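Peer 1: Sharing a model that was predicted from the sequence below.
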Amino acid sequence: GRGRIKGSEKEDRIRELTKLITAKEAQRKKAIRQAYREDYFHNHPTWDIDTDGQEEEQYTELAIDLHIPERA
């Protein structure tokens, strides 16, 4: 745990490695986020083009028969 690090003879090295690991994790997350965004914005317009050739569902308007009495 964290309590064991404090006062340890290798405390400085442990803290240095912890910072390095945290920085690498953040760098990896940033790279993944960037790759996802590049892929999404590169391919998103083609998704619209791909769906243009397909038939869309025909919208059928529902028959609504409401009788609302007027107020007196």
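Peer 2: Looks like it came in fine.
Peer 1: For residue 11, grab the count of nearby residues.
Peer 2: Other residues near residue 11 come to 12 when the count uses other CB atoms under 10 Å. C-beta: built from backbone N, CA, C; applies to glycine.
Peer 1: Please name the residues that touch it.
Peer 2: Contacts here follow CB atoms under 8 Å, 6 or more residues apart in numbering; on that basis residue 11 touches residue 5.
Peer 1: Please report the distance of it from residue 27.
Peer 2: 25 Å (CB to CB, to the nearest Å).
Peer 1: residue ranges with poor pLDDT in this structure?
Peer 2: 1-3, 48-56, 72 (pLDDT under 70).
Peer 1: Give me the residue at the spatial middle of it.
Peer 2: residue 33 (8.2 Å; CA atoms, centre = their mean).
Peer 1: Secondary structure element holding that one?
Peer 2: For residue 33, the host element (DSSP states H and E) is helix 11-52.
Peer 1: follow-up on the earlier one: and the residue nearest to the centre of the chain, how close does it get to residue 21?
Peer 2: Counting by CB to CB - residue 33 and residue 21 are separated by 19 Å.
Peer 1: Check the offset of the helix holding residue 33 from the chain's centre.
Peer 2: How far helix 11-52 lies from its chain's middle: 11 Å, per CA atoms, centre = their mean, to the nearest Å.
Peer 1: same question, stretch 64-72
Peer 2: With CA atoms, centre = their mean, you get 47 Å for stretch 64-72.
Peer 1: list the buried ones in that stretch?
Peer 2: Within stretch 64-72, not a single residue qualifies as buried, counting by 16 or more other CB atoms under 10 Å.
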